[in-house]
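Asks: need a 3D model of the following:
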Amino acid sequence: MEALSPRRFDSYTEYRSAMFAALETATSTIAIFDPDLREAGLENPTSIAALERLCRTSPRRDALRILVHSTDFAERECPRFVALIGAFSHRAAVRVTSTQLRNWRQPFLVADARHVVTRFDQDGPRGKLAAEDERTASMLLAQLETMWINGTSTTTGASLGI
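Replies: Okay, here's the model as predicted:
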């Protein structure tokens, strides 16, 4: 696997490229917050393969945690992703944020608690990939924890109430 190179991006194509790069380097955990997963590219075969590899090889029960405001898009448009979450429910979880916490607008991915991909706002593609940035990763993981604890579990697998 290639080392991650820190970079900024200004398009959704560059954002998804940064997401793929971070997914491919993860060996232990991936934590993702995205309002609806619409622009994350998780349905892409490359992403599915990286997520499946992580779920198969990580020793962690919480290898993949994904937090969303809504599962509607994934339920309609992401059958491979839904199947993956169902197949690896022992390593992967999706939760929906509580209505009180839906003001968080910064999508992010944290890989292995040290690599970060983030968009500055959910309504635009601008963002950055920060490699070996444990400080930012820690701050975003703390935010995810707060939203995770207050979120709603979804049923894994079948009809995405993931």
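
Asks: residues in contact with the residue most central in space within the chain?
Replies: When CA atoms, centre = their mean is applied to the chain, the residue found nearest the centroid is Ile32 (2.5 Å). For Ile32, the contact set (CB atoms under 8 Å, 6 or more residues apart in numbering) comprises 40, 42, 64-67, 107-110. Glycine gets a C-beta too; all of them are placed from N, C-alpha and C.

Asks: mind listing what's buried along stretch 125-143?
Replies: 125, 127-131, 133, 136-137, 140-141, 143 (16 or more other CB atoms under 10 Å).

Asks: next one: stretch 99-112
Replies: Result for stretch 99-112 [16+ other CB under 10 Å]: buried residues 101, 104, 107-112.

Asks: just give me the least confident of the residues you listed.
Replies: On pLDDT alone, Leu101 ranks lowest of those, at 82.

Asks: and the residue lying closest to that one once chain neighbours are set aside, what pLDDT?
Replies: In this structure, Leu101 finds its nearest non-sequential neighbour in Met147, 5.0 Å apart by CB to CB, 6 or more residues apart in numbering. At Met147, the pLDDT value in this model is 94.

Asks: ok but Met147 is inside a helix, no?
Replies: Yes - under DSSP: H, G, I helix; E, B strand; the rest coil, Met147 falls within a helix.

Asks: can you report how many residues lie near it?
Replies: The number of residues packed around Met147, counting by other CB atoms under 10 Å, is 20.

Asks: please apply the same query to Glu145.
Replies: By other CB under 10 Å, neighbour count at Glu145 equals 13.

Asks: now do the one 4 residues further on
Replies: Neighbourhood size, Ile149 [other CB under 10 Å]: 10.

Asks: begin at 14 from here
Replies: All set: I'll call the first residue 14, so the last point we hit is now Ile162.

Asks: roughly how far does it sit from Ser30?
Replies: Distance of Ile162 to Ser30, computed by CB to CB, to the nearest Å: 32 Å.

Asks: next up, the contacts around Arg104.
Replies: Arg104 touches 68, 71, 73-77, counting by CB under 8 Å, 6+ apart.

Asks: for this structure, just list every one of the strands.
Replies: For the chain, strands defined by DSSP state E occupy the ranges 20-22, 43-46, 77-81, 105-109, 121-124, 128-132, 140-143, 165-166.
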